[in-house]
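Chemist: kindly return the folded structure for what I paste below:
(one chain, ligands or ions: 2)
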Amino acid sequence: MENIDIISEMNRSLLLSVVIPMKNEEVNIASLFQRLFPVLHGLDISFEVICIDDGSTDKTLNTLLTQQKKHPELIVLTFSRNFGQHAAVMAGFEQARGRWVITMDADLQNPPEEIPKLVAAFREGYDLVGTYREGRRDPIFRRVASDMVNWMTRKISGVYLKDFGCMLRGYTSDIAKQLARQKEYRIFIPALATLYAKNPVEIPVSHAPRTGGVSNYSFLKLFSLQLDLMTSLSLSPLRLLFLLGFFIAFLGISFGVLLLILRIILGPSWAVGGVFTLFAILFILIGGQFIAFGLLGEYIGRVFQEVRGHPTYIIKDTFKISPDVEPPDNADEGTSITKGSPAGMHQSKRSHT
Ligand code: UDP
Ligand code: MG
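Modeler: Numbering: from 1, shown residues only. Ligands and ions are numbered 1, 2, ... in the order given. Model (predicted):
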């Protein structure tokens, strides 16, 4: 009897929310949906797809709204400007009503056909389903950088994920909502999620090259993402810095003592030859200081952003076809598009247009 209740409850409530951040993805949307929706329908569970237009300057929004007529399960959020991929995912988490939430990229680098594997992992009772890319299809510089970043992040954070960068990931709604409540400025979701997970798993998924358009990540943007990853997870970079400072100072002092001794033994004429050595030591010290200031600056910057209460994102509009809204008089179907931000959106602004 109880089982029947649980099953009927499951049927009534939404099971799966798919969250897709999008910046300038108009060329990919049609082919993405052509593959995504059959996979989701094939799962035979209730689902919704939430696309976040993260300040696109192309026709991403229009294309999404056109697609929405074909796919009533589609919910479209638009940001007032570009807030970044992770902020967009956070907005998706806030909006998501499914028991399980899966994030993915819009450019088909994460094959939608892998989604059933994640759903199967949820059914087995895992609450955080990480993935790692097998046969990664990115330029060599991205792959090498990514290997380094993964290694460094594991060491610094103590979080042992195989692949921090693959955004095809699954979270139970509990974890997604906890992440959405995070007020932290610019977070790195896959790493942070591990803090909340009780029963995580990592599964392999395939990877494809981008189908259309260009990557939104320049070298600088990748670097800033890496800083987000490191600083949002722990203070150990600060401690490392402290150690490094000690080490450099120790070297400097030892050199100083050595030079002094040699100066006493070999006399003043020798010391002129040491000028360049001194310069070299000075440069090492200055270099160390620069690293220190840079990193301290990063943390102070974060505190500053926190104090200012900068919003993580601002939602301009929400478009959804909602069956529970009274249809307008001239509606020829039983559904209507609602526009406007739902109440309680995390640090979001209502827009009345
Ligand atoms: N994206 C976003 N906002 C951004 C940058 C990227 O919403 O500021 C989205 C983008 O549309 C894509 C996903 O995040 O769906 C991954 O971005 P991209 O493919 O450009 O990154 P790469 O695969 O090159 O790391
Ligand atoms: Mg991509």
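
Chemist: for the protein, which residues are neighbours of ligand 1?
Modeler: 21-23, 25, 54, 82, 84-85, 88, 105-107, 109, 215-217 (Cβ under 6 Å from any ligand atom). No exception for glycine: its C-beta is placed from N, CA and C like everyone else's.

Chemist: so what's the most centrally placed residue in the chain closest to, chain neighbours aside?
Modeler: Here the mean C-alpha position of the chain is nearest to the C-alpha of H86 (Cα atoms, centre = their mean), at a distance of 3.8 Å. The spatial neighbour of H86 that comes closest, neighbours along the chain excluded (Cβ to Cβ, 6 or more residues apart in numbering), is I189 at 5.4 Å.

Chemist: how many other residues sit next to the one you found?
Modeler: Under the neighbour criterion other Cβ atoms under 10 Å, I189 is assigned a count of 23.

Chemist: now the strands for the stretch 151-300 of the chain?
Modeler: In the stretch 151-300 of the chain, strands defined by DSSP state E, counting those that start in this stretch lie at 169-172, 200-206, listed in chain order.

Chemist: any regions of the stretch 51-200 of the chain where pLDDT drops low?
Modeler: Within the stretch 51-200 of the chain, the ranges that satisfy pLDDT under 70 run 183-187.

Chemist: one more time with 90, if that's ok
Modeler: Screening the stretch 51-200 of the chain residue by residue with the criterion pLDDT under 90, one finds the ranges 133-166, 181-197.

Chemist: show me what from it comes close to ligand 2.
Modeler: Within the stretch 51-200 of the chain, the positions lying close to ligand 2 (Cβ under 5 Å from the ion) are 105, 107, 109.

Chemist: any chance of CSV for these, columns neighbour count?
Modeler: Supplementary listing: those in CSV, determined by neighbours: other Cβ atoms under 10 Å:
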residue, neighbour count
D105, 19
D107, 22
Q109, 22
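
Chemist: can you map out the helices along the stretch 1-150 of the chain?
Modeler: With DSSP state H, counting those that start in this stretch, the ranges of helices along the stretch 1-150 of the chain come out as 2-12, 26-43, 60-70, 85-95, 115-123, 140-157.

Chemist: out of those helices, which gets nearest to T318?
Modeler: Closest approach to T318 among those (Cβ to Cβ): helix 85-95, 7.4 Å.

Chemist: sorry, back to before: distance to F223 added to the strands of the stretch 151-300 of the chain, as TSV?
Modeler: Listed next are these as TSV, based on distance: least, Cβ to Cβ, whole Å:
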stretch	distance to F223
strand 169-172	22
strand 200-206	25
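
Chemist: single out the most deeply packed of the ones you listed.
Modeler: Mean neighbour counts were compared across the strands of the stretch 151-300 of the chain using mean count of other Cβ atoms under 10 Å; the top stretch is strand 169-172, at a mean of 26.

Chemist: parallel or antiparallel, which strands does that one pair with?
Modeler: In its sheet, strand 169-172 lies beside strand 100-103 (antiparallel), strand 128-134 (antiparallel), with partners assigned from DSSP bridges.

Chemist: output it in PDB with nothing but the alpha carbons.
Modeler: Taking only C-alpha atoms (Å, rounded to 0.1, in the frame of the first residue of the first chain), the coordinates of strand 169-172 have been written out as PDB:
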ATOM      1  CA  ARG A 169      26.300  16.400 -14.000                       C
ATOM      2  CA  GLY A 170      23.400  15.400 -11.800                       C
ATOM      3  CA  TYR A 171      22.300  16.600  -8.400                       C
ATOM      4  CA  THR A 172      19.300  15.700  -6.300                       C
END
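
Chemist: so how many other residues sit close to M22?
Modeler: Using other Cβ under 10 Å as the criterion, M22 is surrounded by 29 other residues.

Chemist: same question for E94.
Modeler: Around E94 there are 24 other residues, counting by other Cβ under 10 Å.

Chemist: buried residues of stretch 151-170, list them for me.
Modeler: Burial within stretch 151-170, assessed by neighbour count using 16 or more other Cβ atoms under 10 Å, is assigned to 153, 156-157, 159, 161, 163-170.

Chemist: who touches that stretch?
Modeler: Counting contacts by Cβ atoms under 8 Å, 6 or more residues apart in numbering, the residues outside stretch 151-170 that touch it are 85, 89, 100-105, 110, 114-115, 118-119, 121-122, 128-133, 146, 149-150, 188-191, 193-194, 202, 205, 207, 229-230, 233-234, 236-237, 240.

Chemist: distance from the chain centre to it, please.
Modeler: Stretch 151-170 has its C-alpha centroid displaced from the chain centroid by 11 Å (Cα atoms, centre = their mean, to the nearest Å).

Chemist: swap in stretch 251-264?
Modeler: If you compare the mean C-alpha spot of stretch 251-264 with that of the full chain, they lie 49 Å apart, counting by Cα atoms, centre = their mean.

Chemist: got it, and stretch 304-321?
Modeler: Worked out by Cα atoms, centre = their mean, stretch 304-321 lies 16 Å from the chain centre.

Chemist: start to end distance for that stretch?
Modeler: Terminal residues of stretch 304-321 lie 40 Å apart, using Cα to Cα, to the nearest Å.

Chemist: cool, and stretch 78-97?
Modeler: 18 Å.

Chemist: in that stretch, what's buried?
Modeler: For stretch 78-97, by 16+ other Cβ under 10 Å, it's 78-79, 82-96.

Chemist: and if you look at stretch 281-291?
Modeler: Applying a neighbour-count criterion of 16+ other Cβ under 10 Å, the buried positions in stretch 281-291 are 281, 288.

Chemist: what does it contact?
Modeler: Taking contacts as Cβ under 8 Å, 6+ apart, the residues outside stretch 281-291 that touch it are 241, 244-245, 248-249, 251-252, 255-256.
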